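S.K.: Need a 3D model of the following:
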Amino acid sequence: MKRETNKLMKRIPDEKCASICGLFCGACPAYPDTCHGCLSDYVRDVCQGCSKHGFMDCAKEHRVARCYECREFPCGKLEEFSKGPVVNGICNHADVIPDSRRMKKVGVAQWIEEKTKEHTCRKCGELIDWFHRDSHHCSS
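M.R.: Prediction:
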């Protein structure tokens, strides 16, 4: 019975999971336990301020909410970001530019819905992180 209660209470990705750079934060291994998305009030330390890549500062400077709104999109900073890191043969940043274009085309809410569906196991309903989409085993 306790397992059903936890499933009912699981956090569903929302628009705060549509990051500035085009990542789907709902597929991050830190979501939702230690982070609710980079645009939320509950951001894990490594993402706060996005200090290494500077997307938060850059968006603020260009007066946009997300990179795809910028007149310089896609910029060299975003192109470089899309090349790494690679973990277990997977680069979770690889699709930030096409994902940003898709987000611009369909809107953030629709994009979140699409990405959530893409990263949800059809059998158990668990949200699967970037690094385990091909190796996920249902827990139920």
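S.K.: Look up how far Arg102 lies from Pro22.
M.R.: In this structure residue 22 is Gly, not Pro. 9 Å (CB to CB, to the nearest Å). The way it works is simple: take the backbone N, C-alpha and C, and place the C-beta from them, glycine included.
S.K.: So these two - more neighbours on which side?
M.R.: For the pair Gly22 and Arg102, the greater number of neighbours falls to Gly22 (27 against 17), based on other CB atoms under 10 Å.
S.K.: can you pull the contacts of that one?
M.R.: Listed by CB atoms under 8 Å, 6 or more residues apart in numbering, the contact set of Gly22 reads 66-68, 78, 95-97, 99-100, 103.
S.K.: Mind giving me the ChimeraX command for buried ones among the residues you listed?
M.R.: In ChimeraX syntax, the buried subset of those is picked out as below (16 or more other CB atoms under 10 Å):
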select :66,67,68,78,95,96,97,99,100,103
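S.K.: Can you report how many residues lie near Leu132?
M.R.: For the record, residue 132 is His, not Leu. 16.
S.K.: Low-confidence ranges, this protein, go.
M.R.: Along the chain, segments meeting pLDDT under 70 span 1-9, 48-52, 139-140.
S.K.: any idea how far the residue positioned nearest the centre of the chain is from Gly76?
M.R.: With distances taken as CA atoms, centre = their mean, Phe24 lies nearest the centre of the chain, 1.8 Å away. Distance, Phe24 to Gly76, using CB to CB: 22 Å.
S.K.: Next: Glu61.
M.R.: Distance from Glu61 to Gly76, by CB to CB: 15 Å.
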